[in-house]
Structures are given as structure tokens and as C-alpha cells.
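S.K.: make a model of this:
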Amino acid sequence: MINVKLYISILIFSTGIVCSGQVSIVPDKLIIKGNPVLINALLDDKSSSFGRSKSQYNLLPLSEDLNVYHLLVDSLELEEVKEFLENQSITVQYDHLIEYRNIPNDAKLGEQYALTMIGAFDAWNHGTGGLDIGNRAPVCAVIDDGFDIYHEDLFNNIYANKDEIPNNGIDDDDNGFIDDYYGVNISYLHQDHPIREHGTNVMGILGAEGDNGIGIAGVTWKTQLMPVSGIRTEGDIIRAYDYLYKMRKKYNETQGDQGTYIVVTNFSGGLENAFAENHQIWCNMYDLLGSVGILSISAVTNKNIDIDKIGDMPTTCMSRYLIKVSNADANGKRALAGKSKIFVDLSAPGVNILTTFTEDQYLNFSGTSAAAPHVAGLASIIYSLECETFYQMTISDPDLAAYTVKNIILGSVVKESTFRDHTSTGGVLNMNNAIRDFGLLCRGTTGELSIDKVTHVNNDVVVEYTTDNDKDHTLYLYNLSGQKMKEMTFTPVQFGNRVVILPSVNLATGIYVLSIYNQKEFRSQKIFIR
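M.R.: Below you'll find the predicted structure:
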């Protein structure tokens with residue numbers, strides 16, 4: 001995982017600004033949320049007190065949809081400007097430097113044991129990635145420091161932006177980025193990616209081309225991979241996610257004529273010793289992405305810490321569209337990584353994983369950075385499987401589609417005792433189980449299991465349903481952050497109307513997701529509780 005260290009050493013500016021702890025702040029930028037006209041007016045009014053003209057303060061967009069901007073500030077005035085804006089009720093935070101969360105090793109080439117461990121060979125009998133039944137190509141965006149996109153086992157899977165003419169110096173698709181043909185370098189707003197090992201390693205595990213007679217096979221063989229490089233700071237992460245959000249939003253709004261069908265992101269990085277409450281702008285990006293149908297995967301810290309007490313970002317973000325991944329060894333047991341039964345979702349192989357390196361090499365790679373792309377690769381495959389109901393969901397209800405994929409992945413893990421108290425699922429990723437469960441969900445489209453009507457009466461949720469399975473069913477109620485609010489197991493009645501009541505649901509007004517599972521089929525439906 002990319003790892004932002006808050007450095008133990010103290011960073012002192014000549015004006016007396018002291019930044020202690022482990023965070024390495026960017027000395028000349030603030031991340032700011034608010035109305036840009038108001039912010040500029042406030043800076044204009046107060047600029048004289050800082051001894052400079054208003055024009056010297058630059059406000060640059062990170063996510064205009066969320067009203068989030070970079071404010072460029074002289075490092076000597078960083079804290080003064082931050083305090084002034086906070087006193088005007090403007091949301092302001094420091095920007096932070098990113099470090100990559102891998103455990104480097106120089107082990108010899110080995111076998112791809114991880115693929116056997118997660119059931120990939122059986123899963124590949126059902127799908128290996130590529131086009132879905134609507135002839136769309138699901139895209140996985142890989143966010144990292146840099147990539148060797150011309151690696152022999154990667155280049156054929158690199159996404160190409162059909163709306164952009166490469167190397168003509170023009171923003172052909174009018175998205176704010178010039179020549180973003182093979183992805184984008186978010187720091188320099190173009191497609192030239194620095195060649196880095198970490199991003200190349202991650203991309204190979206996720207999507208190295210399969211069945212091509214050379215190198216390795218990624219978890220998904222044919223999924224298109226969009227490289228997003230140049231990630232150095234928290235602000236870069238926000239800008240990268242905003243870019244992906246806009247590309248998928250345009251795709252949705254134009255029925256695929258423009259934009260990009262991005263369905264998954266993988267980001268192996270973060271901030272140690274940090275909690276979501278102090279980084280809400282970052283956390284909000286996952287809900288923004290999910291609203292257009294993008295599921296995000298992240299890696300937890302490689303340090304053996306209790307995240308509930310120490311914190312970690314984005315691990316402590318509670319978004320229903322985010323999966324947080326820990327590390328398993330070659331025996332499927334817990335390896336070195338952060339732990340939390342609340343914030344960490346599942347584990348995946350991450351020790352000595354054979355993958356792509358720069359200059360057409362193949363070497364072993366370890367850490368949660370290696371674990372997360374296994375999950376992203378599986379999510380990409382699920383989007384390409386044949387299922388008419390799911391296909392229609394991706395069009396009419398893309399946010400629910402992303403959430404459904406998350407539930408399938410988390411609900412199909414193989415339980416492992418060493419993860420029981422360290423992840424919410426207590427298990428390890430299993431591709432074959434997930435694709436089996438997805439197939440069962442799709443076979444249920446014949447009406448064997450359905451949610452027919454949901455009403456909310458006197459704090460009870462009354463569910464009318466159809467099923468031809470007389471065994472135990474489980475009813476779940478989730479909020480839009482992905483938190484499970486209620487769970488109840490029931491046995492369908494043999495005679496009369498099939499109705500189940502979820503009692504004493506004292507919930508705030510809002511949208512929730514109701515799901516029924518009967519060990520064979522899975523149904524979900526949004527409900528509005530007043």
C-alpha cells in the first residue's frame with residue numbers, strides 16, 4: 001500500500017510553525033473546501049494582513065463537484081492562512097506527502113502460488129475479464145507512483161482514451177487534461193508516466209495479459225487498465241479520483257458515447273496514524289465515485305498495528321463503495337499488516353507474489369500493495385460476466401451494482417482463524433466462491449427469490465417476498481455507508497403470504513439497502529425510510 005508517513009522528526013518553519021507527529025506536510029499547499037468566490041473575497045479582504053497582494057494566492061481545483069481546491073500559500077504563512085480561514089468557518093486541512101506501502105524483497109522468481117490459493121483456475125472457467133454482454137469494456141484504474149506501461153505483459157491491456165488524439169497538445173475531449181490517451185499523470189496533467197517499479201508491480205498482479213505465451217497471468221487476463229500516475233500528496237489523490245469520477249459520469253450521461261466505463265479503482269497507499277474524521281474530503285471521494293458506479297479498493301498499512309487505536313487512511317473511511325485489504329501469506333494465514341475488525345474488510349495473498357517489474361522483468365513483490373490488486377482484479381472480472389440482471393443494474397442503478405460486487409466479494413471469503421479478530425469478514429479472498437455466488441444471484445432472475453414489496457410501519461420494516469427455497473433465509477439492512485444496521489435469519493412459512501418483519505428499526509430518514517440471501521440466491525433493493 002502507498003504509505004504516507006507522518007515523520008517522527010519535527011518540521012519547523014522559520015516563522016515558528018511546528019508540525020510534530022509522523023505527518024509530512026506539503027509546505028506550500030492547503031486543501032480547502034468551500035465556495036471559491038467567497039474564499040477569494042476573504043483572501044482579498046485580508047491579504048494586507050499577510051503582507052502580500054491577493055493575486056499571490058492561487059486557488060486551483062481538485063474536485064469542483066465537491067468544491068475542493070488547492071490553495072497555494074508561501075510556507076512561511078501556511079499556518080496563519082489556515083487559522084484565518086478556519087475562523088471564517090471554511091474547511092481547511094494540510095496536504096500530505098504519500099509513500100508507497102510495499103515491503104521490497106529481491107527473492108528469486110517463483111511460482112504464482114497465489115492464484116491457486118484464491119481459486120483463480122476454477123474461476124477462470126467462467127470468465128477472465130474483457131467485454132461484458134453489452135460489448136462494453138470495463139476499465140480498472142490503477143492509481144500509483146508510475147508505471148512501465150510498455151512492459152511486454154502489460155501494454156496490450158493498457159486502456160486508450162478513444163476521445164483523445166495522442167500527442168497533439170490539445171485537450172480533445174475537453175476534460176481538463178491534454179493528451180490523456182494512455183491514462184494520465186495527475187501531477188503534470190498529461191499522459192507521460194514516470195517509470196516506477198511499484199506501480200508496475202501492482203498492475204501486473206491485477207491485470208498482466210493471460211494466455212499470451214509469455215510472463216505471468218494477472219488475476220484478470222483482459223481487463224483494460226487505466227494508469228493514473230504522479231501521486232505524491234493527498235491533494236493528488238483527490239484530483240485523481242475527481243478525474244475518474246468525471247470520466248465515468250460523462251460515460252453514464254452520454255450512454256457510452258463519451259467518457260470511460262471505469263468500474264474499479266486500485267490505490268495501494270495512504271496515511272499512517274490518521275483517522276477519517278480529520279480527512280473527510282478524501283473519504284467523501286469514495287462516495288462520489290460510488291454514486292456513478294465505481295468501486296474502490298485500497299491496501300491497509302503494512303505495520304502490525306491496531307488501526308482502531310492508531311488510525312490509518314483511507315482504511316478508516318466508512319464508504320459502502322470501498323474495500324480495505326490486508327495481507328495473507330502463502331499458507332493463507334495472517335501476514336504483517338494493520339488489523340481492525342471494524343475497518344479492514346478481508347485479506348488476499350501478499351507475500352512473495354511473482355509479478356511484472358520494469359524493463360520486461362518478473363520478480364517477487366510483497367506487502368499489502370500486492371494483496372489489494374488481487375481484489376481489484378476479481379471485481380473487474382465480475383463486471384464482465386454474463387448476467388442480464390446485473391448488466392441492466394449497471395445501467396439503471398450503477399451505484400447499487402458497485403455495492404453488489406462488494407457484497408459478493410466480502411460474502412464469499414474463506415474463513416481463516418488468524419483473521420477472525422483482525423478483519424470484518426475474518427477471511428481470505430476466493431475468486432471461485434465469488435463467481436459461484438454471482439452465478440447463483442443471476443440464476444435467481446427467474447423469480448425464484450424476489451423482494452416484492454417493502455413498507456415501513458411503526459419502526460418495523462415489513463418485507464413481502466417470493467422464494468421457492470424453504471431453507472433458512474437471512475435478511476440484511478445496510479445504510480449508504482455500507483454499515484450493517486440489522487441482520488435477521490428466518491425460515492419461510494409453508495402456507496399463506498410470505499412476509500417477514502424486521503422489528504424495531506429505529507432509523508433516521510434516508511435511503512437504505514435491504515438484502516435477502518438464502519444460501520443460493522441474493523437479492524437487494526433500495527428502500528426509503530421516513
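S.K.: quick check: G199 vs Y512, distance?
M.R.: 38 Å (Cβ to Cβ, to the nearest Å). Just so you know, the C-beta spots here come from the backbone N, C-alpha and C atoms, and that holds for glycine as well.
S.K.: mind checking which of these two has more residues around it?
M.R.: A count of neighbours by other Cβ atoms under 10 Å puts G199 above the other of G199 and Y512, at 28 against 21.
S.K.: what's near enough to touch the more buried one?
M.R.: By Cβ atoms under 8 Å, 6 or more residues apart in numbering, the residues touching G199 are 142, 144-147, 193, 227, 229.
S.K.: just the buried residues of those.
M.R.: Buried by 16 or more other Cβ atoms under 10 Å: 142, 144-147, 193, 227, 229, out of the contacts of G199.
S.K.: could you single out the nearest of the residues you listed to S380?
M.R.: V142 (10.7 Å; Cβ to Cβ).
S.K.: helix/strand/coil for that closest one?
M.R.: Classification of V142 by DSSP: H, G, I helix; E, B strand; the rest coil places it in strand.
S.K.: hang on, isn't it packed against P227?
M.R.: Yes: the criterion here is Cβ atoms under 8 Å, and V142 meets it with P227 at 5.8 Å.
S.K.: common neighbours of those two, please.
M.R.: 199, 203.
S.K.: gap between stretch 304-317 and the chain center?
M.R.: 16 Å (Cα atoms, centre = their mean, to the nearest Å).
S.K.: so which bits of that stretch are buried?
M.R.: Buried-residue list, stretch 304-317, by 16+ other Cβ under 10 Å: 305, 307-308, 310-317.
S.K.: out of the contacts of G199, which are inside strands?
M.R.: In this view, the contacts of G199 that belong to strands under DSSP state E are 142, 227, 229.
S.K.: looking at those residues, which is nearest Y517?
M.R.: Set against Y517, the nearest of the ones in strands among the contacts of G199 by Cβ to Cβ is V142 (31.7 Å).
S.K.: sorry, back to before: okay if I get the buried ones among the contacts of G199 as JSON lines plus pLDDT?
M.R.: Putting the buried ones among the contacts of G199 into JSON lines (pLDDT from 0 to 100) gives the following:
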{"residue": "V142", "pLDDT": "98"}
{"residue": "D144", "pLDDT": "95"}
{"residue": "D145", "pLDDT": "92"}
{"residue": "G146", "pLDDT": "95"}
{"residue": "F147", "pLDDT": "97"}
{"residue": "H193", "pLDDT": "94"}
{"residue": "P227", "pLDDT": "97"}
{"residue": "S229", "pLDDT": "96"}
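S.K.: at the geometric centre of this protein, which residue sits there?
M.R.: With distances taken as Cα atoms, centre = their mean, the chain has S296 as the residue nearest its mean C-alpha position (1.5 Å).
S.K.: check for me that that residue belongs to a helix.
M.R.: No: with three-state DSSP as the criterion, S296 is assigned strand and is not in a helix.
S.K.: quick one, what contacts the spatially closest residue to A508 that is not a sequence neighbour?
M.R.: Nearest residue to A508, sequence neighbours excluded (Cβ to Cβ, 6 or more residues apart in numbering): I529, at 7.9 Å. Residues in contact with I529 (Cβ under 8 Å, 6+ apart) are 456, 461, 505, 507-512.
S.K.: any idea what I529 is bridged to?
M.R.: Counting by DSSP bridges, I529 is bridged to G510.
S.K.: repeat that for I501.
M.R.: With DSSP bridges as the rule, I501 is bridged to V462.
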